[in-house]
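K.L.:
Sequence and predicted model, in that order:
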Amino acid sequence: QVQLVESGGGLVQAGDSLRLSCTASGGTFDKYNMGWFRQAPGKEREFVAALNWNGGSKRYADFAEGRFAISKDKGKSAVYLQINTTKPEDTAVYFCAGSEIPLPVAVTRASGYDHWGQGTQVTVSS
């Protein structure tokens, strides 16, 4: 069975950079579509960034454009989310998600993913 484990969260000051990692085990990672979502306290889970199985298609939420970057390392079975110039409103639990059905485009809907990690907390202080 597929397992996703996030890491890299923590407490940072506004303006700092942060890189979240998600390591996959089980399945065939080379064919995974991957995505990052986040959920702030009292809010619904929202889409952050996604890429398709070969990295040829990437999508970002409007708030993530220009500050966030998603990437994939097949050799390490990992997907990363780089967050630059963090803001207090980035405070949330960040989840990675994976789908084993390779698609030509990145998937932005949560329902498009079969596997989820447990999440990693990111707290940005002002």
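P.N.:
Yep, that arrived. Fair warning: this is a prediction, and the values are worked out from it, not measured in the lab.

K.L.:
pretty sure Glu46 contacts Arg38?
P.N.:
Yes - using Cβ atoms under 8 Å, Glu46 makes contact with Arg38 at a distance of 6.1 Å. C-betas here are computed from N, CA, C, even on glycine.

K.L.:
more crowded one of these two?
P.N.:
Ranked by neighbour count (other Cβ atoms under 10 Å), Glu46 and Arg38 place Arg38 first, with 24 against 14.

K.L.:
which ones are touching the more buried one?
P.N.:
Applying Cβ atoms under 8 Å, 6 or more residues apart in numbering to Arg38 gives the contacts Arg45, Glu46, Val48, Asp90, Ala92, Val93, Tyr94, Phe95, Val122.

K.L.:
So in terms of bridging, what pairs with the most centrally placed residue in the chain?
P.N.:
Nearest to the geometric centre of the chain sits Trp36, at 2.4 Å (Cα atoms, centre = their mean). Counting by DSSP bridges, Trp36 is bridged to Ala49, Cys96.

K.L.:
Now do stretch 79-89, average pLDDT.
P.N.:
For stretch 79-89, mean pLDDT is 98.
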